[in-house]
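In: sequence plus predicted model, see below.
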Amino acid sequence: MAVNEQDYTGFALDPATGKRHTLQHLPEDITEWEPQVYMLEEDDKVLAGIQGVVNLPLQELTNRTAYLKAEIAKRGAVTKTITLAASGWTSAADADVESRLGSYVYTYEDADIAATMIPQIIPTPQSLSTVQTSGINDIVQTLDGKLLLWADQVPSEDITAQLTLFAVASSIAAGDSSDTSATLNENDISDVISGVYEDDGV
């Protein structure tokens, strides 16, 4: 829930009207990472305003937040709730794919899926037992518009889950924030479902 500024007290009064002055806000247009955040000292003068020292650490934190928000947007993270219908699983022997990590394969299609994305799927609590029983394995391939999942047996019920798609640039992960090209290699694909629920033996 966003902060309701009108619930707070102690604002200065407009000398002309005797009422609370117009609320101002720190600018959020500086999307740069601030290497440090200033700590107020006991002998600093309590000066507010856009150049006031009490707003310095707040502005630095605001800049950091704007930077992180821009970086997330640049990577193309998309989160949505999806349903994997039990009727959508097909025999792996009939699937036109190279890997064979289960007897059955599910192809989830969505326009937001790109080949450069790393997917993360977290089943809802209601679907967890279905995931465990069916023995769903890794997400092994992300194609343009398609996501492949594997299972030992066809799930008895539909599976609902949260799907997050991360577009990752390997150079950014290595520390070069200037390169925003999306790249993906086979080492980026991890055991998503069993990684989240490894204590439950999925």
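Out: Arrived safely.
In: list the buried residues in the longest strand anywhere in the chain.
Out: Taking DSSP state E as the criterion, the chain has its longest strand at strand 159-167. Along strand 159-167, these residues count as buried under the neighbour rule (16 or more other C-beta atoms under 10 Å): I159, A161, L163, L165, F166, A167. Yep, even glycine has a C-beta here, placed from its N, CA and C like the rest.
In: just give me the least confident of the residues you listed.
Out: Ranked by pLDDT, the buried residues of strand 159-167 bottom out at A167 (70).
In: which helices and strands does the longest strand of the chain pack with?
Out: When contacts are defined as 3 or more C-beta pairs under 8 Å, 6 or more residues apart in numbering; DSSP states H and E, strand 159-167 sits against strand 78-84, strand 117-123, helix 125-134.
In: which non-adjacent residue is nearest L143?
Out: A115 (5.7 Å; C-beta to C-beta, 6 or more residues apart in numbering).
In: with E157 instead?
Out: Using C-beta to C-beta, 6+ apart, the nearest residue to E157 is T130, at 5.0 Å.
In: how close does the one you found sit to Q153?
Out: T130 is 11 Å from Q153, where distance means C-beta to C-beta, to the nearest Å.
In: between those two, which has more neighbouring residues?
Out: T130 (20 against 13; other C-beta atoms under 10 Å).
In: contacts only, for that one.
Out: Counting by C-beta atoms under 8 Å, 6 or more residues apart in numbering, T130 makes contact with P123, P155, S156, E157, I159.
In: got a pLDDT number for it?
Out: For T130, the predicted pLDDT is 93.
In: surely V37 is in contact with E60?
Out: Yes: counting by C-beta atoms under 8 Å, V37 touches E60, with 4.8 Å between them.
In: just want to know which of those two has more residues nearby.
Out: Taking other C-beta under 10 Å, V37 and E60 do not tie; E60 has more neighbours (18 against 13).
In: please state the offset of whichever helix or strand the more buried one is part of from the chain centre?
Out: Assigned by DSSP states H and E, E60 belongs to helix 56-75. Distance of helix 56-75 from the chain centroid (C-alpha atoms, centre = their mean, to the nearest Å) equals 15 Å.
In: tell me which strands and helices that helix is in contact with?
Out: So helix 56-75, by 3+ C-beta pairs under 8 Å, 6+ apart, packs with no helix or strand.
In: got the angle for it vs strand 117-123?
Out: Between helix 56-75 and strand 117-123, the angle comes out at 100 degrees (axes from the mean of the first three to the mean of the last three C-alpha atoms, to 10 degrees).
In: quick one: helix 56-75 to strand 159-167, angle?
Out: 100 degrees.
In: buried ones in helix 56-75, by neighbour count?
Out: In helix 56-75, counting by 16+ other C-beta under 10 Å, buried: L56, Q59, E60, T62, N63, R64, A66, Y67, R75.
In: mind showing which ranges of the protein have poor pLDDT?
Out: 1, 72-76, 95-100, 138, 140, 168-202 (pLDDT under 70).
In: not including adjacent chain positions, what is the nearest residue to T81?
Out: The nearest residue in space to T81 (C-beta to C-beta, 6+ apart) is Q162, at 5.8 Å.
In: from W150, how far off is that neighbour?
Out: In terms of C-beta to C-beta, Q162 sits 19 Å off from W150.
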